[in-house]
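**Q** Following is a predicted model, sequence given first.
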Amino acid sequence: MRVLRDEAAIAALPEAGLRALIQKRVSEISEYCPWDADELGCFIVVEPGDPLDTLEAEIGFSVLRNLFNDTPFGHPDFAPAFELAEAHPEGYFELVYILGDGGFGYDLFIHDQPGVDPALLNFCRTYALPA
């Protein structure tokens, strides 16, 4: 898992498509205010082999459980908490979570490939719309 907290880390991403997607998000945020990971949140890239509990530890919650009543994904009463879920042709799902009135949140990019947690991929495939 890569946690990107500054523009140098984003610029160092080896995947050109992913780098361009994240740089676009930084540019969009910067139309309103300068992007600062401490103030607005970081970008997280989930890669094959990354344990789901590592992501949960980083963001402080499980994307596969309801934030308010802990209902699991797959249960009829489950409701996702993301603001945006997109499937990008570059081979990534994007999930955006805004956690505070000041705009703090997380922008997750999940590789759509074998080796990524199957439940997380199923979640993304269930909710993500084409970008």
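**A** Okay, I see it. Numbers count the residues shown, from 1 in each chain.
**Q** Which strands or helices does the top helix by length along the chain pack on?
**A** Secondary structure assigned by DSSP state H gives helix 16-30 as the longest helix of the chain. Contact here means 3 or more CB pairs under 8 Å, 6 or more residues apart in numbering; DSSP states H and E; on that basis helix 16-30 packs against helix 7-11, strand 43-46, strand 92-98, strand 105-111. All C-beta atoms are positioned from the backbone trio N, CA, C, and that covers glycine.
**Q** Can I get these in JSON lines including distance to Leu120 and mean pLDDT?
**A** Conversion of those to JSON lines gives the following (distance: least, CB to CB, whole Å; pLDDT from 0 to 100):
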{"stretch": "helix 7-11", "distance to Leu120": "22", "mean pLDDT": "95"}
{"stretch": "strand 43-46", "distance to Leu120": "7", "mean pLDDT": "97"}
{"stretch": "strand 92-98", "distance to Leu120": "9", "mean pLDDT": "97"}
{"stretch": "strand 105-111", "distance to Leu120": "6", "mean pLDDT": "96"}
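**Q** The ones you listed: which one's closest to Ile59?
**A** strand 105-111 (5.1 Å; CB to CB).
**Q** which residues are in contact with the closest one?
**A** If you take CB atoms under 8 Å, 6 or more residues apart in numbering as the criterion, strand 105-111 is touched by 18, 21-22, 25, 40-48, 55, 59, 63, 83, 91-99, 116, 120-121, 124.
**Q** And Pro89, how close does it get to Pro130?
**A** With distances defined as CB to CB, to the nearest Å, the gap from Pro89 to Pro130 amounts to 8 Å.
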